[in-house]
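K.L.:
When you get a sec, could you give me coordinates for this:
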Amino acid sequence: MMSNLVRPIKLQEQHLRLIYDDFRLLDENRDGFIDQIQYATLVRALGQTVSDREIDRSWQIALEEQRKQNEEAKAAQEKKEAQAKKEAAPGTLGLPKKQPPPKPVAPPQNEVNFQVFTKVFAENYIPVISEKTLRQAFQLFDPKNTGKLSSQQLQDIVMNRGEPLSKAEFDELVLLAGLDGQKSFDYTQLVKRLLKGPAGIATINATR
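P.N.:
Next comes the predicted model:
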């Protein structure tokens with residue numbers, strides 16, 4: 001996602017809440033982490049038009065950020081356990097003063113949490129194309145100007161043109177866009193959903 005068009009942004013509370021809703025939708029096992037396919041789907045669902053190469057690059061950045069976070073958490077936990085062990089030393093009656101805290105579950109490998117996602121997303125944000133431009137792109141596949149496309153047409157567009165999505169990425173994008181189970185859809189409304197992102201994220205002013 002890194003390029004000369006990158007505009008780091010500051011995510012406001014309302015944006016974070018709504019991004020979190022989409023994050024949880026993709027986090028099927030509810031462990032607080034998403035994998036690379038889910039990461040790519042979420043980035044694109046938030047209005048970012050990025051290539052697979054850009055996704056791979058930002059994903060590696062996210063994994064490195066997650067690794068650092070895990071190391072910091074591990075160091076803090078070891079310090080906490082050492083303190084608990086010290087406090088649990090036998091007292092004057094030969095009884096432990098305090099039970100040590102349970103060890104936390106190890107984070108999954110090659111996945112990132114919500115905190116890491118939002119940090120990398122904000123730092124690598126690229127302004128999206130205009131609503132008019134994207135709507136006109138869909139209109140090319142609507143010669144009768146009905147304002148609607150079939151789900152099959154959408155699948156053909158996103159899986160066989162430009163930077164194609166995989167079937168898994170397409171299915172998750174359909175889910176996030178609220179098109180699951182629909183045979184046809186109003187592409188003007190889809191454009192608004194894709195470009196708007198959570199609470200108008202595409203229009204946030206860039207800040208350092």
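K.L.:
hey, let's count contacts and neighbours off CA atoms from now on
P.N.:
Will do.
K.L.:
distance of E71 from K119?
P.N.:
For E71, the distance to K119 equals 17 Å [Cα to Cα, to the nearest Å].
K.L.:
what about those two, which has more around it?
P.N.:
Between E71 and K119, counted using other Cα atoms under 10 Å, the more crowded position is K119 (16 against 11).
K.L.:
Okay, that one and N113: tell me how far apart.
P.N.:
Applying Cα to Cα, the value for K119 to N113 is 10 Å.
K.L.:
Next: Y39.
P.N.:
Distance from Y39 to N113, by Cα to Cα: 10 Å.
K.L.:
These two: which is more packed in?
P.N.:
Neighbours per residue (other Cα under 10 Å) separate Y39 from N113, with Y39 holding more: 25 against 21.
K.L.:
Validate this expectation: the more buried one resides in a helix.
P.N.:
Yes: judged by DSSP: H, G, I helix; E, B strand; the rest coil, Y39 forms part of a helix.
K.L.:
for it, what are its contacts?
P.N.:
Neighbouring residues of Y39 by Cα atoms under 8 Å, 6 or more residues apart in numbering: W59, F117.
K.L.:
pLDDT score for it?
P.N.:
Looking at Y39, its pLDDT stands at 97.
K.L.:
How are the strands of this protein distributed by residue range?
P.N.:
33-34, 112-113, 148-150, 184-186 (DSSP state E).
K.L.:
Out of those, which is the most enclosed?
P.N.:
Neighbour counts (mean count of other Cα atoms under 10 Å) averaged over each of these peak at strand 33-34, with a mean of 24.
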